[in-house]
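1. Give me a model of this one.
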Amino acid sequence: MSLFTIDEKKCKRDGICVAECPMKIIEMKDARSTPVPTTDAAERCIKCGHCVAVCPHGAFTHTMMKAGDFPLMRKEWALSPEQAEHFLRSRRSVRTYQDKPIEREKMQKLIEIARYAPTGSNSQLVSWLAINSRPEVARLAGTVADMMRELVKAKNPFAISYRLDRTVTAWEKGTDLIARGAPALVVAHGPKEYGLAHIDCASALAYLDLAAPSRGLGTCWACFFMLAYLQWPPLQQALAIPEGHVAQGIMMVGYPKYKYHCLVPRNPPKIEWRM
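-> This is a model prediction of the structure:
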């Protein structure tokens, strides 16, 4: 069976699919011919879907992907430059959450959106751990607090720089500066031997991060958790990431207790131009 089929009545022989294929496994014998797969196309195809998505005539069908998985883009939903800037600038790190559980279906949808983030060679090797339980998140935060106590006791430079003694003291007095009272954590992990896992996981979490407000949720990167995961065996054991995988990013998720009403400034970018 051929890797793809072309509707010859719709195909305009414009070569767009040939030009856009990242693996260069589509070819045209001449300007009048219909695109065909190269001899090694089946083994080299990464199933990215570019060939189907880029055809303006709807002539391309990939035999390894369902036609129904390619909904048309809604041009009327495209953001203007001003809307795009507003959308990105309105994103906030949420550190005060309502005492309200997140519906499992809503968490599931966020992760499903995150899977559309780019991955190296369309590998799609990002896996997920969703901890949707406030008591469990608090228990894990307590494990992080244990690590912080040890760092403070050892006068670790990181503990001194980030004043972890204050975080530990606050924890012991009932104020959670580690998980911020979030009802859920999302962990993105990938194969230990995959060199781009950290990039792919960060990209996927960024998608989840940006999608959350549209569903009434807020997020914050759980850097204390990630720091502890990298060096504290009790947290590694508690998370129980599958054998052969490594957590590459952890994010708090929950319903924000408060709303923001204006955009905030940032320092100008430092740019070195090379023309």
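
2. make it CA atoms for all contacts and neighbour counts henceforth
-> Noted.

3. tell me the strands in the stretch 101-250 of the chain, going along the chain?
-> Assigned by DSSP state E, counting those that start in this stretch, the strands in the stretch 101-250 of the chain fall at 127-131, 184-191, 218-221, 245-254.

4. Show me the domain layout of this protein.
-> 4-69, 88-254 (automatic domain parsing).

5. Let's have these in CSV, adding mean neighbour count and distance to Pro269.
-> Shown next, in CSV, are those (neighbours: other C-alpha atoms under 10 Å; distance: least, C-alpha to C-alpha, whole Å):
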stretch, mean neighbour count, distance to Pro269
domain 4-69, 15, 32
domain 88-254, 18, 15
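
6. Would you reformat the strands of the stretch 101-250 of the chain as JSON lines and include mean pLDDT?
-> JSON lines is the format used below for the strands of the stretch 101-250 of the chain (pLDDT from 0 to 100):
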{"stretch": "strand 127-131", "mean pLDDT": "98"}
{"stretch": "strand 184-191", "mean pLDDT": "98"}
{"stretch": "strand 218-221", "mean pLDDT": "98"}
{"stretch": "strand 245-254", "mean pLDDT": "98"}
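
7. can I get those strands in CSV with distance to Ile16?
-> Shown next, in CSV, are these (distance: least, C-alpha to C-alpha, whole Å):
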stretch, distance to Ile16
strand 127-131, 33
strand 184-191, 34
strand 218-221, 39
strand 245-254, 36
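
8. To Thr63, which of the ones you listed lies closest?
-> Across the strands of the stretch 101-250 of the chain, Thr63 has its closest neighbour in strand 127-131 (25.9 Å, C-alpha to C-alpha).

9. Where do the helices of the chain begin and end?
-> Applying DSSP state H to the chain gives helices spanning 16-20, 41-44, 50-54, 81-89, 104-114, 134-153, 157-161, 164-172, 197-211, 223-231, 233-239.

10. Could you say which one of those comes nearest to Val126?
-> helix 197-211 (6.0 Å).

11. List every C-alpha atom in the closest one, with coordinates, as PDB.
-> C-alpha atoms of helix 197-211 as PDB (Å, rounded to 0.1, in the frame of the first residue of the first chain):
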ATOM      1  CA  ALA A 197      13.100  15.200  26.300                       C
ATOM      2  CA  HIS A 198      13.700  18.400  28.300                       C
ATOM      3  CA  ILE A 199      12.800  20.600  25.400                       C
ATOM      4  CA  ASP A 200       9.800  18.600  24.400                       C
ATOM      5  CA  CYS A 201       8.400  18.500  27.900                       C
ATOM      6  CA  ALA A 202       9.000  22.200  28.500                       C
ATOM      7  CA  SER A 203       7.200  23.000  25.200                       C
ATOM      8  CA  ALA A 204       4.300  20.700  26.100                       C
ATOM      9  CA  LEU A 205       3.900  22.300  29.600                       C
ATOM     10  CA  ALA A 206       4.000  25.800  28.000                       C
ATOM     11  CA  TYR A 207       1.100  24.800  25.900                       C
ATOM     12  CA  LEU A 208      -0.800  23.500  28.900                       C
ATOM     13  CA  ASP A 209       0.200  26.700  30.800                       C
ATOM     14  CA  LEU A 210      -1.300  28.900  28.100                       C
ATOM     15  CA  ALA A 211      -4.400  26.900  27.600                       C
END
